Every structure is written in structure tokens, then in C-alpha cells.
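[1] predicted model, plus sequence, below.
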Amino acid sequence: MDFLSKFEEFKSKDLSLDLTRGKPSSDQLDLSNKLLAFTEDDLYNNDVDIRNYGEIKGLDSCRELGSSILGCDKEYIWAGGNSSLSLMAKFLSFLFVEGNGTGPWSLKERVSVLCPVPGYDRHFKLCETFGINMIPVSLTGEGPDLEEVENLVKSDDSIRGIWCVPKYSNPTGEVYSKKIINGLVEIFGNHNNEGIIFWDNAYAVHDFSVGSSLDDIFSIAKPKGLEDSIVEFGSTSKITFAGGGIGFIAMSKSNQEAFLPFYSALMIGPDKLNQARHVKFFRETSLRNHMEEHAKIVEPKFNLVTDKLKSLGLGKWTNPKGGYFLLFESEAGMARKIVGLANELGLKLTPAGATHPYGLDQEDKFIRIAPTACSLQELDVAMDIFLCCIGVAYESDK
């Protein structure tokens with residue numbers, strides 16, 4: 001293919017396409033429109049007037065919904081507002097103000113957290129905002145490299161935790177194995193009683209037609225007496241309405257007791273109307289069937305992306321069984337060039353380097369692809385542009 005001629009052809013079309021963020025498409029959001037139907041008969045939930053203050057941990061029935069999504073016992077779970085990211089920020093604030101063992105993190109000379117890479121840019125942004133030092137660790141295809149993690153923890157006293165997206169990781173799409181989960185629990189659970197695994201289980205039920213299972217980390221940690229080392233997060237943001245869902249946080253009993261006074265000082269209770277809407281919706285529509293409908297919309301888009309990449313035959317890419325992202329790996333030194341070329345043609349991609357702490361992909365080769373928000377027709381054009389830019393980058397590198 002004459003990539004340069006194709007590049008000029010695309011340039012003349014003045015296109016505007018966006019593959020930057022993993023947003024649900026309108027078709028996916030339409031699957032949850034019954035959430036909008038709510039009557040006066042729905043204003044009480046187990047004798048709780050959901051219009052009023054209170055129920056700081058969330059409605060009991062909504063915590064049960066969180067259990068069915070995250071796959072852990074309801075007693076670990078609180079149901080919050082519409083964002084798991086805000087729950088992460090609240091818990092980090094708690095750690096800086098009160099700490100979880102040897103005093104507030106704010107009094108430490110240095111606080112570091114391990115960040116598996118390629119990883120999730122929002123985790124990195126949170127760390128930057130709080131002034132947390134980020135240390136990258138390699139991913140293996142089934143979770144972080146345990147030997148690397150253990151060596152870092154043993155050699156650096158400033159390390160307080162690790163970020164994890166354990167199922168369909170953003171952006172690699174990998175699923176953590178039981179061996180890896182067990183190893184992480186052992187390493188951080190025995191780390192001076194203050195190591196934390198930030199377990200962001202954002203894609204817990206986001207399987208395609210043939211999905212992958214994830215072991216419950218609390219079930220692994222409980223027999224070892226190491227539950228305090230885990231704080232799990234999740235949400236319905238990519239299950240129902242992205243801007244009107246429910247965030248969940250899951251913790252051991254002792255962590256809940258420590259966190260509750262701080263959390264209660266920040267809020268007067270979650271949006272129980274929204275929680276009750278979700279409970280009602282999933283009583284009428286099973287979670288499994290609902291996610292199968294999502295998969296019917298999302299999986300063909302992932303298939304289109306991988307089919308296009310196969311047709312080009314340059315670089316490498318992941319082939320996840322669920323989630324919202326694929327990862328393209330070019331030759332070293334090409335990612336920024338490819339993203340820049342795409343921008344010239346009206347295709348927005350996640351910035352090269354966003355998959356690494358501080359935006360520094362030293363090898364400059366990873367590009368996250370988020371195919372969900374586009375229609376299939378738009379995605380088809382977007383991928384043709386992407387392939388063209390890859391081709392131009394590779395040819396110019398010869």
C-alpha cells in the first residue's frame with residue numbers, strides 16, 4: 001500500500017474521530033434507559049426513606065448488588081456515589097490525614113506506590129495530585145512480575161502499596177492469575193501491617209462471549225489473616241449510565257471501622273434514589289443478561305480492531321476477552337510519531353506515554369486503543385487512519 005498517498009487522501013477529508021477514552025456508546029447506554037422510570041412507590045427501600053439523609057454505607061440492597069458485581073461478600077462493601085475514582089481519592093485522603101499503621105502518609109518523608117505498566121492513566125494522575133512517588137513494575141500477561149515487586153518492596157521502605165486492575169487490565173486486557181493474586185497478598189499483607197493493594201476491579205463483569213474468571217482476592221486473603229491489605233473498588237459506570245452510576249469500595253471490617261469517621265465527615269450519605277433505581281433495575285433485568293447485551297455491542301468492535309491490525313501485520317497488540325481497551329505495541333521510538341500523524345488526520349488517540357507514570361514510556365512504543373464509543377462505521381474509518389499512520393511511521397523509519 002502507498003501509505004503516503006493514503007495519508008494525503010485522509011488529510012483532505014477533514015475528519016474528526018476519537019479513540020481516546022473507554023466510554024460506553026449511546027447504544028450501550030440505551031440498554032439502561034429503564035432506570036429513568038421511577039414512581040412514588042419506589043421511595044422507600046426496606047422501610048428507609050431514600051429521599052432523606054443517612055445510610056452512610058449505602059442501601060443494604062445496593063451493597064448486595066455490589067457483591068454480585070465484585071464477587072466478594074456483601075459485608076466488605078459500601079455503595080457510594082457515581083464514581084469509584086472519587087472513592088479512591090477519599091481513601092487516599094484518609095491515608096494522608098490518618099494513615100493505616102505508622103501514622104499519616106503526609107508525615108512520611110517519601111511515599112511510593114508501585115504502578116504496573118502499561119497501566120491506567122487516572123491512577124497515575126491521582127498519585128501525581130497527592131504527591132505520591134510512582135515506581136513502574138512490569139506486567140507478565142497474568143499480572144505484575146512478582147519477583148520484581150518483591151525485590152522493590154524489600155529494597156525501598158517508602159513503598160506503601162500497588163495499583164491493580166486485575167480483570168481486563170486497562171490497557172493490556174490481561175487477567176490476574178490466582179498465583180499472582182496470592183503472591184501480592186503475601187507481599188503486601190506482610191509489609192509492616194501497612195501495605196495496601198488498591199484493587200480497582202473496574203471490569204469485573206465486562207466479559208465478551210467467551211470471558212475469563214477472576215479469583216476473589218478477599219477469599220484468598222482471609223485464611224491468611226491478611227484482609228486488611230486490600231481495598232477494592234468498582235462501579236456500574238460501564239454497566240448502566242457512565243455519568244449516573246454507583247461506585248463501590250470494599251474493605252475488611254477493621255479498615256471500615258478506621259475509615260468510617262473520616263468518610264462520614266466528608267458527606268451526609270450517598271444518592272440513595274439512584275441506588276434504589278439500580279436495585280430495582282437489576283431485580284427486573286438480570287446482571288448477566290444485561291452484560292451479555294453489552295457484549296453483543298462491544299465485542300464486534302474489538303474484532304474489527306484486531307482484524308484490521310492483522311491485515312496490516314505491523315507491530316503487536318493484545319486480544320482481550322473483555323473490558324474496554326486493547327494495547328498496540330509498535331517498534332521502539334514510534335508511538336509518539338504515530339499518535340502525532342493520527343492527530344494530523346483528525347483521529348484523536350490517547351497520548352503516547354499515558355500508559356506509564358509521569359507520561360514517560362521510555363521505549364515510546366505503547367498506544368492504548370479505546371474502540372467502544374464509536375459506531376462500527378466510525379471505528380472502521382478510524383482504524384483505517386490508524387493503520388495508515390502506522391504504515392507511514394514504519395516507512396519513514398527505514
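    Happy to help now that I have it.

[2] report the secondary structure state of Gly234.
    Taken by DSSP: H, G, I helix; E, B strand; the rest coil, the conformation at Gly234 corresponds to strand.

[3] list the contacts of Ser84.
    Residues in contact with Ser84 (Cβ atoms under 8 Å, 6 or more residues apart in numbering) are Asp200, Ala202, Phe233, Gly234, Ser235, Ser237, Gly247, Phe248, Ile249. In short, each C-beta sits where N, CA and C put it, glycine included.

[4] so among those residues, where is pLDDT lowest?
    Lowest in pLDDT among the contacts of Ser84 is Ser237, which has 95.

[5] and for that residue, nearest residue in space, chain neighbours not counted?
    Spatial nearest neighbour of Ser237, excluding adjacent residues (Cβ to Cβ, 6 or more residues apart in numbering): Gly245 at 4.4 Å.

[6] wait, what's in contact with that neighbour?
    By Cβ under 8 Å, 6+ apart, the neighbours of Gly245 are Asn82, Ser235, Thr236, Ser237, Ile239, Asn274, His278.

[7] returning to what we had before: can you list the contacts of Ser84 in a markdown table and add distance to Glu150?
    Output for the contacts of Ser84, formatted as a markdown table (distance: Cβ to Cβ, whole Å):
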| residue | distance to Glu150 |
| --- | --- |
| Asp200 | 21 |
| Ala202 | 26 |
| Phe233 | 24 |
| Gly234 | 27 |
| Ser235 | 31 |
| Ser237 | 33 |
| Gly247 | 31 |
| Phe248 | 29 |
| Ile249 | 27 |
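
[8] ok, so of these, who is nearest Ser16?
    Distance to Ser16 across the contacts of Ser84 (Cβ to Cβ) is lowest for Ser237, with 25.0 Å.

[9] can you pull out the strands in the protein?
    Here the chain has its strands, by DSSP state E, at 17-19, 44-45, 48-49, 77-79, 112-117, 133-138, 159-164, 196-200, 230-235, 247-250, 316-317, 326-329, 347-349, 366-369.

[10] according to the record, where do the domains of the protein fall?
    3-22+289-396, 45-284 (automatic domain parsing).

[11] that older thread, least reliable of the strands of the chain going by mean pLDDT?
    Mean pLDDT is lowest for strand 44-45 out of the strands of the chain, coming in at a mean of 74.

[12] do you know how far the closest residue to Leu266 other than its chain neighbours is from Ala258?
    Closest residue to Leu266 apart from its sequence neighbours, by Cβ to Cβ, 6+ apart: Lys90 at 6.3 Å. Note on Lys90: its distance to Ala258, by Cβ to Cβ, to the nearest Å, is 13 Å.

[13] specify the beta-bridge partners of Cys164.
    Trp199 (DSSP bridges).

[14] how much space separates it from Asn201?
    Distance from Cys164 to Asn201, by Cβ to Cβ: 9 Å.

[15] count the residues that sit near the closest residue to Leu70 other than its chain neighbours.
    In this structure, Leu70 finds its nearest non-sequential neighbour in Gly234, 4.8 Å apart by Cβ to Cβ, 6+ apart. With neighbours defined by other Cβ atoms under 10 Å, the count for Gly234 comes to 27.

[16] OK, contacts around the residue lying closest to Asp145 once chain neighbours are set aside?
    Counting by Cβ to Cβ, 6+ apart, Asp145 lies nearest to Ser138, which is 4.5 Å off, once chain neighbours are set aside. Shown in contact with Ser138 (Cβ under 8 Å, 6+ apart): Pro116, Val117, Pro144, Asp145, Glu148.

[17] closest one to Glu64 among the strands of the chain?
    Using Cβ to Cβ, the nearest of the strands of the chain to Glu64 is strand 77-79, at 8.3 Å.

[18] for the closest one, packing partners?
    Packing partners of strand 77-79 (3 or more Cβ pairs under 8 Å, 6 or more residues apart in numbering; DSSP states H and E): helix 60-70, strand 247-250.

[19] deepest of the ones you listed, which one?
    strand 247-250 (a mean of 27; mean count of other Cβ atoms under 10 Å).

[20] any idea how far the helix of greatest length in the chain is from the chain center?
    Assignment by DSSP state H gives helix 287-312 as the longest helix of the chain. Its chain's C-alpha centre and that of helix 287-312 lie 18 Å apart, by Cα atoms, centre = their mean, to the nearest Å.
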